[in-house]
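K.L.:
return atomic coordinates for the entry below.
(one chain, ligands or ions: 2)
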Amino acid sequence: MPGKVTFTIIKPGAVDRNLTGPILSKINEAGFVIKALKYTKLKKEQACEFYQEHEGKPFYDYLTDFMSTSPIVVAILEKENAVNDFRKLIGSTDPLEAEEGTIRKLFAESKTHNAIHGSDSDASAIRESDFFFSRVERF
Ligand code: ADP
Ligand code: MG
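P.N.:
Residues are numbered from 1 along each chain as shown. Ligands and ions are numbered 1, 2, ... in the order given. I've put the predicted structure just below:
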């Protein structure tokens, strides 16, 4: 049975362009409840650890540089079928392939600068939530 929780990052670029509010509105309108929320910034080595599954890929260094350039907003989100429904809401990784109305179609600048992250499985949602939020920050 799919879980009720997913994890998101509003990426550098989107935060810089004052898109945090519009993106959180889309998330709420789609029926997700924000269970934890934080404005923070990654160091390069933290971005590398977060994206360790992509180590060795051609875009890994560029991606982890980008993710550590400026502040991000991270959140834990709750909804039935959270992981899959959120992936649908954000759209394809490449905004050129993302469906109309998706967050990436609306707000992404490029395949790397694609405005938002969404967990790809229940296990990733747990790992990623634990990466950013301590026990007392979630309730
Ligand atoms: P998603 O974020 O859709 O789950 P991936 O997990 O495959 O996508 O990749 C993580 C992030 O790395 C993407 O959101 C995007 O910012 C970047 N990325 C992925 N593939 C490429 C690529 N081929 N070229 C440039 N950047 C990429
Ligand atoms: Mg992914």
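K.L.:
enumerate the residues of the protein near ligand 1.
P.N.:
With the criterion set to C-beta under 6 Å from any ligand atom, the chain comes near ligand 1 through His54, Phe59, Leu63, Thr93, Lys111, Thr112, Asn114, His117, Asp120. C-beta: built from backbone N, CA, C; applies to glycine.
K.L.:
got phi/psi on Ser25?
P.N.:
Reported as degrees, to the nearest 10, the phi and psi values for Ser25 are phi -60, psi -50.
K.L.:
ligand 1 versus that one, what's the distance?
P.N.:
21 Å (C-beta to the nearest ligand atom, to the nearest Å).
K.L.:
so Ile103 makes contact with Pro95?
P.N.:
No. Using C-beta atoms under 8 Å, Ile103 makes no contact with Pro95, being 9.6 Å away.
K.L.:
could you tell me which residues touch both of these two?
P.N.:
Residues touching both Ile103 and Pro95 (C-beta atoms under 8 Å, 6 or more residues apart in numbering): Ala115.
K.L.:
more neighbours: the two, which one.
P.N.:
Between Ile103 and Pro95, Ile103 has the larger neighbour count (other C-beta atoms under 10 Å), namely 26 against 20.
K.L.:
now do the residue nearest in space to the middle of the chain, the pLDDT please.
P.N.:
What sits nearest the mean C-alpha location of the chain, by C-alpha atoms, centre = their mean, is His117, with 2.3 Å. On the pLDDT scale, His117 is placed at 99.
K.L.:
helix or strand: which one has it?
P.N.:
strand 116-118 (DSSP states H and E).
K.L.:
outside of that strand, which residues touch it?
P.N.:
6-11, 14, 23, 83, 86-87, 89-90, 103-104, 107-108.
K.L.:
need the pLDDT of Arg138.
P.N.:
So, for Arg138, pLDDT stands at 84.
K.L.:
contacts only, for it.
P.N.:
Applying C-beta under 8 Å, 6+ apart, the residues near Arg138 are Lys35, Ala36, Ile76, Ser129.
K.L.:
all strands of the protein, in order?
P.N.:
Secondary structure of the chain by DSSP state E: the strands cover 5-10, 33-40, 72-78, 116-118.
K.L.:
looking at it, Thr64 is touching Glu49, isn't it?
P.N.:
No. At 9.2 Å, Thr64 does not count as touching Glu49 under the criterion of C-beta under 8 Å.
K.L.:
thanks a lot, catch you later.
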